[in-house]
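**Student:** Quick one, fold the following:
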Amino acid sequence: MAELRDMADPSNLEGQARFGVDISSSLGIPMPDLRSLAKRIGKDHQLAGELWDSGVREARILASLVDDPKLVTPAQMESWAAGFASWEVVDACCCNLFDRSEHRFDKAVEWAGREEEFVKRAGFSLMAGIAVHDRRATDEQFIALLPVIELQSCDRRNFVRKAVNWALRQIGKRNESLNRAAIEAGERIASLECRGARWVASDALKELRSPQVQLRLSLKSKG
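**Tutor:** Numbers count the residues shown, from 1 in each chain. This is a model prediction of the structure:
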């Protein structure tokens, strides 16, 4: 914590706030500096817990980088989720750590159905993180997430709907089969009578149908 405070740069706080970051506990440390520090520390589960308990933004992000996903328990995930108050910390936890936990799919579905804004975002952020990082996950596991995405797509809260959209797009970019399934899900979402869902669908479908994505997936299937 002393080292983090030595790295503090208050000049970055204004820029962070413009991106919707909760700066009430922020030291203004850039992410590259945090990643460099995490690399030097290595994996340390106990330290991660202590960093999280500090409540400091950068310490919590660092905790997500140094914790060992093999040691993460559902109780820990719930404990950290109870402290979610910023989209950035949510995404750091989900895409640096929780998406590598053996409990990742269960928590993604559970959190997606919760009412708390940042816990709900975490459910979909976790889906997106799994889609990007988990090479061993099966198509069937992701197809099972699509009805959850459809069910929650009418949530009009900005931090939630952006994560719903993110999850749909990342699932649809894994391979050609999931691309077709995600596009079909997007078409069903587009037919829903709510503004939030229409944005989720139109934005996701634009990318999933784009020539760039289609070409990449076609080349991937051949290679």
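
**Student:** Contacts made by the worst-scoring helix or strand of the chain on mean pLDDT with the rest, please.
**Tutor:** Here the helix or strand of the chain ranked lowest by mean pLDDT, DSSP states H and E is helix 13-18, holding a mean of 87. For helix 13-18, contacts defined as Cβ atoms under 8 Å, 6 or more residues apart in numbering pick out 23, 26, 28. Every residue, glycine included, has its C-beta placed from N, CA and C.

**Student:** right, and the helix or strand after that helix?
**Tutor:** Counting by DSSP states H and E, the next helix or strand C-terminal to helix 13-18 is helix 31-41.

**Student:** can you pull the buried residues of that following helix?
**Tutor:** Neighbour counts over helix 31-41 (16 or more other Cβ atoms under 10 Å) mark 34, 37-38 as buried.

**Student:** tell me what it is packed against?
**Tutor:** Packing partners of helix 31-41 (3 or more Cβ pairs under 8 Å, 6 or more residues apart in numbering; DSSP states H and E): helix 57-66.

**Student:** Taking helix 31-41 as reference, get the angle to the helix it packs on.
**Tutor:** Angle between the axes of helix 57-66 and helix 31-41 is 50 degrees (criterion: axes from the mean of the first three to the mean of the last three Cα atoms, to 10 degrees).

**Student:** What average pLDDT does helix 57-66 get?
**Tutor:** Across helix 57-66, pLDDT averages out at 97.

**Student:** what does that helix rub up against?
**Tutor:** The contact list for helix 57-66, computed with Cβ under 8 Å, 6+ apart, reads 1, 4, 7, 21-23, 25-27, 29, 31, 34-35, 37-38, 41-44, 47-49, 51-52, 54, 83, 86, 88-89, 92-93, 96-97.

**Student:** I'd like the distance between residue 186 and residue 75.
**Tutor:** Separation of residue 186 from residue 75 (Cβ to Cβ, to the nearest Å): 35 Å.

**Student:** Just want to know which of those two has more residues nearby.
**Tutor:** residue 186 (28 against 8; other Cβ atoms under 10 Å).

**Student:** For that one, pull up the helix or strand it's in.
**Tutor:** Applying DSSP H and E, one finds residue 186 within helix 176-190.

**Student:** Same question for residue 121.
**Tutor:** Using DSSP H and E, the element containing residue 121 is helix 117-133.

**Student:** how close does residue 195 get to residue 153?
**Tutor:** Counting by Cβ to Cβ, the separation of residue 195 from residue 153 is 11 Å.

**Student:** who's more crowded, the two?
**Tutor:** residue 153 (27 against 11).

**Student:** Could you find the closest non-adjacent residue to the more buried one?
**Tutor:** When the adjacent residues along the chain are set aside, residue 153 lies closest to residue 197, with 4.3 Å between them (Cβ to Cβ, 6 or more residues apart in numbering).

**Student:** ok, how many other residues are close to the one you found?
**Tutor:** Using other Cβ under 10 Å, residue 197 has 23 other residues around it.

**Student:** State the next helix or strand along the chain beyond the helix or strand hosting residue 150.
**Tutor:** Per DSSP H and E: residue 150 is located in helix 146-152. Sequence order places helix 158-172 as the next helix or strand after helix 146-152, per DSSP H and E.

**Student:** Need the residues that contact that following helix.
**Tutor:** The contact list for helix 158-172 (Cβ under 8 Å, 6+ apart) reads 20, 87, 117-118, 120-121, 123-125, 127-128, 131-132, 142, 145-146, 149, 152-153, 155, 178-179, 181-183, 185-186, 189, 196, 199-200, 203-204, 207-208, 213.
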